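S.K.: sequence plus the predicted model coming up.
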Amino acid sequence: MAEIASRIEVLEARIAIADVVHGYAFNIRSGNAAACEKLFTEDAVFEVRERLLSGTGIVRTRSTLTGRAAIVAYLTDGAASQTRLCPLIQNLIIRVNGREASCSSAMVAFVLSTGMRILGEYEDSFRYQDDWRFCYRIFTILGEFPAG
C-alpha cells in the first residue's frame, strides 16, 4: 500500500508541476504576467541565456533576476513586458524528489507584433511551499527566426 501511495503522490506532483509550467505560458500569452507571481518562490531566480551560434555550445547569460518581486517586475514593467509572446511549451520531462523537482521542456514562441519565432528550452527547479512553485528557472534561447 505504501508503494501505491508514493506513486500517486509522485503522479500528483508531476501534474501540479506541469500546471505551473503551462500556467506561466498561459499568463504570458494572455497578457496577464502579474498572475505569474504566485508561481515563484520568494527567493526564486530566473535566468535568460542564449546559445551562441559558434557551434561550440557556449552559452552567454542575457539576464539574471533574483527574487519574486524582481521577476514579476521584469515580466510586467520591464523589457519582457514590451514584447507580447505566444509561448507553446512541450516535451516536459519532470523528475520529482520529495518536496523538490526539476523539469526540462522545449518552447516555440511567436512574437505577436512581428511574427518572429523563438526556439528555446527551459530547465526548471521547483520547491513545494503550500503549492509547487518555480525556485530556479533557466530559459536558453536556441534560435530566433524571422516571420515566414
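M.R.: Okay, I see it. Because the structure is predicted, anything quoted here is derived from the model rather than measured. Numbers count the residues shown, from 1 in each chain.
S.K.: helices along the chain, start to end?
M.R.: 2-29, 68-76 (DSSP state H).
S.K.: could you give me the buried positions within the shortest one?
M.R.: Same thing as helix 68-76. 68, 70-75 (16 or more other CB atoms under 10 Å). C-beta here means a position set from N, CA and C on the backbone, and glycine is covered the same way.
S.K.: can you list contacts of the lengthiest strand in the chain?
M.R.: Counting by DSSP state E, the longest strand found in the chain is strand 131-145. For strand 131-145, the external contacting residues (CB atoms under 8 Å, 6 or more residues apart in numbering) are 13, 16-17, 20, 24, 38-41, 43-51, 59, 62, 101, 107, 116-127.
S.K.: just the buried ones from those?
M.R.: 13, 16-17, 20, 24, 39-41, 44-51, 101, 107, 116-118, 120-122, 124-126.
S.K.: sheet partners, orientation included, of the longest strand of the chain?
M.R.: strand 40-51 (parallel), strand 117-129 (antiparallel) (DSSP bridges).
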